[in-house]
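A.B. asks: fold the following, please.
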Amino acid sequence: MNKWIKYLIGLKVAVAILAAFSPFVHPHIIRQTDTMAVALRYWMRWTLETDLQYPLLPAVLTAGDSYGITPMEFPFLNLITAPFFALGADWGKTLSALFVIILYLSLTYALSRVWRGIKLFGVDAGEAIWLMLIFGVSQMYWGRFMPDYLAFSLVLLAVGLSFKEINIKASLPLAALGLLIKPPAIIAMGILLIEPKTLLKHMLWIIPAFIVCILYYTKGIDFIRSVSDHHAYFKVEFRNPIESLINFISNPIKIAKLIYKDLFTSFLIFPMGGWMLWRVFKNRSVKYKGLIGIFFLQILGIAMLNGDHSFIHDYYFVGASFSTAIIFLLFLKLAPKSLINICLLILTFYQLERGLYETRAVFGPNHWKDCARIIETGTLKDIDRIDNPKKNYPTEGLCLGKIQNSKKSNVFVDIQGSKVIIKDKKE
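C.D. replies: Here you go, the predicted structure:
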């Protein structure tokens, strides 16, 4: 692997670790806050709350004066990170975030081992795995407290373990869990289209895994709704695929932006795409035509699942990261050195800019630090619920380890920049 690529991966890992010590940053602050808040609420319910209801079902911190069970994606990540809050809301936030980083790096290593030695379009697939940490949609989300990279990694592990020889015992549970966590991860299976003749054999584990997913998102979600006393917050309903596809393709400018900015990271599609077209013009062998076809099928799959909603939440496309990483690796293997250096320079500036943005709050004032100060003073020690400015996402609740949106609470909390403002409603 190119030495400079290794340096960029090291930089990315260092940034992710540092960022775990400060509040979430864009993209998708609310999504990360929601995910961690459900983990915290699990621990509060198991250890602090006397009225424990359905201990494995998800509940939110924005419960207000209700209990707060609500339908959501299969809460595997929330369940396994909940115990970190045994050390309190302050350290729990940081340690659970660090755990997710270690978990995702471990899964990346496992993927590289499983795919190592498998040649796809003339390159080592195991080497392409590491590129996902700095390139494509995956590079933006593997260091965040979100379940998308976890789901994608589990599905891709399932595919890798059965790629050469079907392994139902290993692939079935991994794929089922990945699809339960995030159904859009199914597009990671698109890489199996490289050898369509074997696709029927793979159905022996794909179909049962898909059935498990469907059962949870129909019967399971219906049951959670039946015991919920809180409004539905997370969107878990299946969409009409034809309507979704029409809504997606009706936005060609947004599609182009999605490809050149997110799926291929920071405009790198332009030098890469220009070089590919030049090879075609010169009548040279184009080994990656099938791979590009798979990539566009993966985009089509997400378009049918999520429609134009996908433009707002580009993490749905994490499942296409393996395909884009292989395309990038092919480029690094075949393109002229001067063009490769230009692309690596662009990628370096991008990672440096992102790194400065994501770590700037670590060394300055931020609301996590202010909440830690308040928790240490014991000001809200005997307070279970707080009121706050009207919002659906639990910024104040996660920061202080409290259930928020309670109109019955006498304590009003508002986060303004790096400061946490506490008021007594009786005054």
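
A.B. asks: the spatially closest residue to residue 239 that is not a sequence neighbour: neighbour count?
C.D. replies: Leaving out its chain neighbours, the residue that sits closest to residue 239 by CB to CB, 6 or more residues apart in numbering is residue 307, at 5.9 Å. Any C-beta I mention is one placed from the backbone N, CA and C, and that applies to glycine too. Using other CB atoms under 10 Å, residue 307 is surrounded by 22 other residues.

A.B. asks: could you do residue 239 as well?
C.D. replies: Neighbourhood size, residue 239 [other CB under 10 Å]: 15.

A.B. asks: got the contact list for the spatially most central residue of the chain?
C.D. replies: Nearest to the geometric centre of the chain sits residue 148, at 3.1 Å (CA atoms, centre = their mean). Residues near residue 148 by CB atoms under 8 Å, 6 or more residues apart in numbering: 141, 182, 184-185, 315-316, 318.

A.B. asks: give me that answer again for 6 Å
C.D. replies: Taking CB atoms under 6 Å, 6 or more residues apart in numbering as the criterion, residue 148 is in contact with 141, 182, 315, 318.

A.B. asks: contacts only, for residue 31.
C.D. replies: Neighbours of residue 31 in contact, by CB under 6 Å, 6+ apart: residue 146.

A.B. asks: what residues of the helix or strand hosting it count as buried?
C.D. replies: Per DSSP states H and E, residue 31 falls inside helix 29-47. Counting neighbours by 16 or more other CB atoms under 10 Å, one finds that the buried residues in helix 29-47 are 31-45.

A.B. asks: circling back to that earlier point, so which of the contacts of residue 148 are in helices?
C.D. replies: Among the contacts of residue 148, DSSP state H puts residue 141 in helices.

A.B. asks: among the contacts of residue 148, who's most crowded?
C.D. replies: Most neighbours among the contacts of residue 148, by other CB under 10 Å: residue 318, with 29 neighbours.

A.B. asks: from what I see, that one and residue 151 are in contact.
C.D. replies: No - using CB atoms under 6 Å, residue 318 is not in contact with residue 151, being 7.9 Å away.

A.B. asks: count of neighbours near residue 144?
C.D. replies: If we define neighbours as other CB under 10 Å, then residue 144 has 25 of them.

A.B. asks: wasn't it part of a strand?
C.D. replies: No - counting by DSSP: H, G, I helix; E, B strand; the rest coil, residue 144 is not part of a strand but coil.

A.B. asks: in contact with it, which residues?
C.D. replies: Taking CB under 6 Å, 6+ apart as the criterion, residue 144 is in contact with residue 32.

A.B. asks: may I see the buried residues of the helix or strand bottoming out on mean pLDDT in the chain?
C.D. replies: Ranked by mean pLDDT, DSSP states H and E, the weakest helix or strand in the chain is helix 269-281, scoring a mean of 85. Residues of helix 269-281 classed as buried: 269, 271-272, 275-276, 279 (neighbour count, 16+ other CB under 10 Å).

A.B. asks: and for stretch 199-213?
C.D. replies: Of the residues in stretch 199-213, those buried (16+ other CB under 10 Å) are 202, 205-206, 208-210, 212-213.

A.B. asks: may I have it as PDB, with CA atoms only?
C.D. replies: Output of stretch 199-213 as PDB, limited to C-alpha atoms (Å, rounded to 0.1, in the frame of the first residue of the first chain):
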ATOM      1  CA  LEU A 199     -25.700 -16.000  -7.000                       C
ATOM      2  CA  LEU A 200     -28.300 -18.800  -6.600                       C
ATOM      3  CA  LYS A 201     -26.100 -20.600  -4.100                       C
ATOM      4  CA  HIS A 202     -25.700 -17.400  -2.000                       C
ATOM      5  CA  MET A 203     -29.500 -17.200  -1.700                       C
ATOM      6  CA  LEU A 204     -29.300 -20.000   0.800                       C
ATOM      7  CA  TRP A 205     -28.100 -17.500   3.400                       C
ATOM      8  CA  ILE A 206     -29.300 -14.200   1.800                       C
ATOM      9  CA  ILE A 207     -33.000 -15.100   1.800                       C
ATOM     10  CA  PRO A 208     -33.200 -16.300   5.400                       C
ATOM     11  CA  ALA A 209     -31.300 -13.100   6.500                       C
ATOM     12  CA  PHE A 210     -33.700 -11.000   4.500                       C
ATOM     13  CA  ILE A 211     -36.700 -12.700   6.100                       C
ATOM     14  CA  VAL A 212     -35.400 -12.000   9.600                       C
ATOM     15  CA  CYS A 213     -35.100  -8.300   8.700                       C
END
